[in-house]
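In: Just a sequence and a predicted model for now, questions to come.
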Amino acid sequence: VPGSALVQAAMGDNSTALDIKKDTLPVEAVTKIDARDVGTPDDWVPRHEKMVRLTGRHPFNVEAPLPELWKRGFLTPASLHYVRNHGAVPKINWSEHRLTVDGMVGAPKTFTMDDLLAMPARELPVTLVCAGN
């Protein structure tokens, strides 16, 4: 994604990344496995109980009810972000997983999960929609 912190880091340029205060959204921890997910390939992923299911049990496709978004002023916490899956959520091994940024960048770079976590966080108010409808 042009302009993203990840691409800028791969290109060795963090000078244009925006600093947004990290406390703009409340954290809503989701720790329970929904009973509707038991017996599916995703029965290990915690889900927000208020998400509206669109396609049954699996794959997991949901969106937040509008009243829940209105309560938050349309700044959606991660726990209520819509989900569009065509299969199971992949299970990765934190210590082995790598993300490579290459292609039209100055210098391709591979990141570990710890590398990504150590990067400065950026929050931007943007609108996302599922364009696959």
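Out: Perfect, I can see it now. Numbering: from 1, shown residues only.

In: would you list every one of the strands in this structure?
Out: Here the chain has its strands, by DSSP state E, at 52-53, 62-63, 98-101, 109-112.

In: so can I have CSV of those showing distance to R84, mean pLDDT and mean neighbour count?
Out: (Glycine included, C-beta is placed from N, CA and C.) Shown next, in CSV, are these (distance: least, CB to CB, whole Å; pLDDT from 0 to 100; neighbours: other CB atoms under 10 Å):
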stretch, distance to R84, mean pLDDT, mean neighbour count
strand 52-53, 12, 86, 14
strand 62-63, 9, 86, 18
strand 98-101, 21, 97, 13
strand 109-112, 25, 98, 15
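
In: wait, which of these is closest to V89?
Out: strand 62-63 (12.5 Å; CB to CB).

In: what sits up against that closest one?
Out: Residues outside strand 62-63 that contact it (CB atoms under 8 Å, 6 or more residues apart in numbering): 47, 51-54, 82-83.

In: Now the buried members of those residues.
Out: 47, 51, 83 (16 or more other CB atoms under 10 Å).

In: Farthest pair within the contacts of strand 62-63?
Out: Top of the distance list for the contacts of strand 62-63 (CB to CB): R47 and L54, 13.1 Å.

In: among the buried ones among the contacts of strand 62-63, which are in helices?
Out: With helices defined by DSSP state H, no entry of these lies inside them.

In: any chance of the residues you listed in TSV, plus pLDDT and distance to G39?
Out: What follows is these, written out as TSV (pLDDT from 0 to 100; distance: CB to CB, whole Å):
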residue	pLDDT	distance to G39
R47	84	14
M51	87	18
V83	85	18
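
In: Take those residues and write them to CSV, including distance to D102.
Out: Output for these, formatted as CSV (distance: CB to CB, whole Å):
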residue, distance to D102
R47, 33
M51, 35
V83, 28
